[in-house]
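[1] got a sequence here, can you build the structure:
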Amino acid sequence: MEATLYNIKGEKKGTVTLPENIFGLPFNADLLHDVVTAMQANARTPVAHAKTRGEVRGGGKKPWQQKGTGRARHGSSRSPIWRGGGVTHGPRNDKIYAQKINRQARQKALLVALSRKWKDGEIIFVDSLEMAAPRTAEAKNIIANLGKAGLVMKKKYNGALIALPERHTATVKSFANIGNVTVEEVRTLNPVNVLSSKYLIIANPEAAFVTLGSKRVVKKDK
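    Residues are numbered from 1 along each chain as shown. The predicted structure follows:
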């Protein structure tokens with residue numbers, strides 16, 4: 001498989017050969033769903049917390065006598081059916097949402113996501129994206145130029161994800177003020193951030209393939 005290689009001006013610079021084990025995998029919806037759901041669950045930080053009837057202050061005294069008043073019997077004013085009482089089945093900040101993800105499953109899910117994006121024409125390869133100094137205006141020009149390569153930024157958020165072979169401070173700062181563009185390192189790519197953006201822009205693909213190739217799932221002989 002071959003893909004067109006562009007520069008920051010949106011001009012064609014040549015072609016790049018795509019590894020089959022990274023961009024040629026068949027789509028596996030079940031695997032992607034399991035891994036993405038588990039990763040999102042692991043990222044949860046429970047904050048909401050409701051008190052039960054045993055944690056609400058007061059209510060130790062029986063509101064009124066059991067019989068003779070004509071009213072329903074009650075043992076505590078902190079009952080969930082009372083105003084100001086405890087909450088039944090409310091959110092708890094001590095609940096654990098973490099799910100185990102097998103390493104090979106996570107790695108293969110990333111490659112499956114990359115293969116699907118390539119098949120859908122949502123990956124753009126750029127020879128280099130290292131900027132000399134932080135310049136938001138220059139970053140916007142690059143996004144506009146890549147429109148020639150098929151980059152159509154219609155989403156207000158998560159329009160494009162830029163994957164750099166290694167962190168470059170000036171480049172990261174240049175795109176930081178553009179709301180629908182995110183910059184990551186290739187080594188930190190995962191199924192969640194890849195699928196969260198419409199487009200994936202891979203800079204210096206030859207170096208990126210080396211990093212992504214290390215995520216290849218190798219089947220061991222039994």
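
[2] where does this protein have low pLDDT?
    Applying pLDDT under 70 to the chain flags residues 215-222.

[3] which residue ranges form the strands in it?
    2-6, 12-17, 123-126, 160-164, 181-185, 199-203 (DSSP state E).

[4] show me which residues of stretch 3-14 are buried.
    Of all the residues in stretch 3-14, those buried under the rule 16 or more other C-beta atoms under 10 Å are 3, 5-8, 10. Backbone N, C-alpha and C define where each C-beta goes, glycine included.

[5] quick check, nearest of those residues to Lys173?
    For the buried residues of stretch 3-14, the minimum distance to Lys173 (C-beta to C-beta) is 16.1 Å, reached by Ile8.

[6] please enumerate the helices of this structure.
    Using DSSP state H, the helices of the chain run over 20-23, 29-42, 103-119, 136-145, 169-175, 191-196, 205-213.

[7] can you redo those as a markdown table with mean neighbour count and distance to Arg73?
    Below are those laid out as a markdown table (neighbours: other C-beta atoms under 10 Å; distance: least, C-beta to C-beta, whole Å):
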| stretch | mean neighbour count | distance to Arg73 |
| --- | --- | --- |
| helix 20-23 | 16 | 69 |
| helix 29-42 | 15 | 42 |
| helix 103-119 | 19 | 55 |
| helix 136-145 | 16 | 68 |
| helix 169-175 | 18 | 65 |
| helix 191-196 | 19 | 52 |
| helix 205-213 | 17 | 67 |
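
[8] turn those into a markdown table, including distance to Gly70.
    As requested, the helices of the chain are exported to a markdown table (distance: least, C-beta to C-beta, whole Å):
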| stretch | distance to Gly70 |
| --- | --- |
| helix 20-23 | 76 |
| helix 29-42 | 51 |
| helix 103-119 | 63 |
| helix 136-145 | 73 |
| helix 169-175 | 71 |
| helix 191-196 | 59 |
| helix 205-213 | 75 |
